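Novice: Generate coordinates for the sequence data below:
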Amino acid sequence: MADEANTSNSDTQAKSQSLRLWPALLFILIGLSVSLGIREFGSTNEHNVIRLLIAPLVASIGIVLWWLVGSRVKGLHRVYGLLLFIGLLGILFASQSEHLAAVLIVLIAVPYFTYGVVILLTLVRNRAWKIQSRWAIVYMLLCCCVFSLLRVDSVSGGLIPEMYWRWKPQLEESTSTVLSDESPAKIAEVNLEITSADWPEFRGEKRDGQVRNVSFNQDWSTPPNELWRKAVGGGWSSFTVIGDYFFTQEQRGKKEAVVCYLVETGEEIWLSTIEESFEEIMGNGPRATPTYKDGRLYAQGATGVVQCLDARTGKQIWQRDLRVDAKADVPQWGYSSSPLVVSNRVIHYAGGSDDTSVIAYDKDTGDIAWNTGKGKTGYASAQQVSINNVPQVLLTSNFGVESFVAATGEVLWGHEWRAKSNPRVVQPLLTEDGGILIGTPGGQGTRRIQVAKEGDVWAIEEQWTTRKFRPYFNDMIIFEDYCYGFDGDRLVCIDTATGDMQWKSDRIGGQMILVKDMGMLLVLTEEGKALLVKAQPEAYTVQTEFQAINGKTWNHPVIAGGRLFVRNSEEMACYELGPA
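Specialist: Predicted coordinates for the structure are as follows:
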């Protein structure tokens, strides 16, 4: 009889601690469904934030509420469990050296704690509560230990945090062991005149990302011949290629550098450094690409230092500081505008207060020639175009798009389209029939305006706006009345006349240029893969591909002199493109 009574009491105690698990499992199912649905159909950074952070966090909050009010666990056990959960997250937060990295690691870890505990309790639901609770405590301690051994160094183009084990050297630590900040002080015998085979500035001579009068072998079943591969300092700069030499910008330790290399071998010719550095979770180092003109290089660093250098030696001719000249703070993601040289002016986005967002310097002396513009935030570069046979300079910003006279800074016209949440980064794009495309990330999308001069007055007409094409920092290309660009991290094709989307690719991210004579887009994906994609509206078709480089790749590829140049913040490589 005593045994029967003990068994009855044990059954009663077990029943009183029997968990109501289905609400928690429902929260997990909803959270996973939202995340998987967005992964399949979403494109933009906002979608990725919802998929990876918001949906799991909301589901986790639901699980915490379930634990407190609907789990059937005794009151003190609920309190102890909640305190343990909060305490472990606090330890995890304190384990990170940087505030933003700590926030991200906690947000990533939360669903592993909550989802995992619920699934574990479901698996051991037939055990005594004492055993169930001990398993849950051990699991949460292990979660805390594992995530404490991780760090967030950076985020992807889709704002996805990238985690690494703590014992893996950070990028700057690994490159500093192989890269010097002392110049070899050699002489580059650069050509003063730019030829059709050169690539003198960001996105090419016309800044439209097009390679002209070039064709090459499209069969990459055997990848193109790799001429060399080198470690490179941090940064998102592209290349400037002039004859036998190429130039780029890097961060080496705590110095920003403009570097000259030999095309044939990748040998470093000279190195010019300044005591500046830029560190940020999107990636450290310079963002802009140097511009070549008449034997000189014009470079803008991530902190706002503007330089004119002798392209032969790297010797500095003059230097300015946008922070001082425009009375501006360094943008959140760093100064990213590549210098535009027009006649005797070097034009930069500066991001100052009203009427100082754009600054032009004298090309030879560095003296301020003019400053104007309404945009306070932006990451695009100035671009020279001709509209109604009138040469002018366009620049997009949070204001919209403005047009300036290069020599004087006179504002010809402006179209106000305020960027609401995300900054504008991509270049304004001139269509083949005279329209202008303005790309905006987030929910605003892309707009086409038509600009015409009627007497002395400029008329601007909005022709269409689409929210289905939302480019962030991946630049666009125009070819035969169609625009090719990235909606978030998916390559898309839209009709420039109507804004209608023709097709959309899988998630690839990256940057691209157009090989015009071949009708091909050369896409360098965020994972460093080189793709040849047909520039056609019928369908997304990859002609051929190969793995060109390793690591997160945001830098624009370059084709010059029959060679393909690629780089990221870790390495750079050069490939010989065989004859067609």
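
Novice: check contacts around the most centrally placed residue in the chain.
Specialist: Note on the chain: the residue nearest the mean C-alpha position is Gly157, at 4.0 Å, using Cα atoms, centre = their mean. Residues counted as contacts of Gly157 (Cβ atoms under 8 Å, 6 or more residues apart in numbering) are Asn45, Tyr472, Phe473, Asn474, Asp489, Gly509, Gly510, Glu526, Lys552, Trp554. In short, each C-beta sits where N, CA and C put it, glycine included.

Novice: so which strand or helix has it?
Specialist: Under DSSP states H and E, no helix or strand contains Gly157.

Novice: mind starting the numbering at 30 from now?
Specialist: Sounds good: first residue 30 from here, last item Gly186.

Novice: Give me the phi and psi angles of it.
Specialist: Here is the backbone geometry of Gly186 (degrees, to the nearest 10): phi -60, psi -30.

Novice: do Pro368 as well
Specialist: Backbone dihedrals for Pro368, given as degrees, to the nearest 10, come out at phi -60, psi 140.

Novice: ok, Gly517 touching Asn74?
Specialist: Yes. When contacts are counted by Cβ atoms under 8 Å, Gly517 is listed as touching Asn74 (6.4 Å).

Novice: out of the two, which sits in the more crowded spot?
Specialist: Taking other Cβ atoms under 10 Å, Gly517 and Asn74 do not tie; Gly517 has more neighbours (25 against 22).

Novice: remind me which residues of the chain are low pLDDT?
Specialist: For the chain, the stretches flagged by pLDDT under 70 are 30-46, 200-207, 383.

Novice: how's it carved up into domains?
Specialist: The record, using automatic domain parsing to delimit domains, assigns the chain the ranges 31-194, 228-605.

Novice: give the contact list for the residue nearest to Trp583 when sequence neighbours are not counted.
Specialist: Leaving aside its sequence neighbours, Trp583 sits nearest to Trp265 (Cβ to Cβ, 6 or more residues apart in numbering; 5.0 Å). Counting by Cβ under 8 Å, 6+ apart, Trp265 touches Gly312, Gly314, Pro315, Arg316, Ser365, Trp583, Asn584, Ser598.

Novice: do Tyr569 as well
Specialist: Going by Cβ under 8 Å, 6+ apart, Tyr569 touches Leu520, Cys522, Trp532, Lys533, Ser534, Val562.

Novice: now the residues you listed as TSV including secondary structure and neighbour count?
Specialist: Formatted as TSV, those follow (DSSP: H, G, I helix; E, B strand; the rest coil; neighbours: other Cβ atoms under 10 Å):
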residue	secondary structure	neighbour count
Leu520	strand	25
Cys522	strand	26
Trp532	strand	16
Lys533	strand	17
Ser534	strand	19
Val562	strand	21
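
Novice: hmm, which two among these are most spread apart?
Specialist: With Cβ to Cβ as the measure, no two of these lie farther apart than Lys533 and Val562, at 12.4 Å.

Novice: Would you mind checking the contacts of Gly186 for buried ones?
Specialist: Asn74, Tyr501, Phe502, Asn503, Asp518, Gly538, Gly539, Glu555, Lys581, Trp583 (16 or more other Cβ atoms under 10 Å).

Novice: Can I get these in TSV including secondary structure and distance to Gly528?
Specialist: Below are those laid out as TSV (DSSP: H, G, I helix; E, B strand; the rest coil; distance: Cβ to Cβ, whole Å):
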residue	secondary structure	distance to Gly528
Asn74	helix	21
Tyr501	coil	18
Phe502	coil	21
Asn503	coil	18
Asp518	coil	20
Gly538	coil	22
Gly539	coil	23
Glu555	coil	26
Lys581	coil	31
Trp583	coil	26
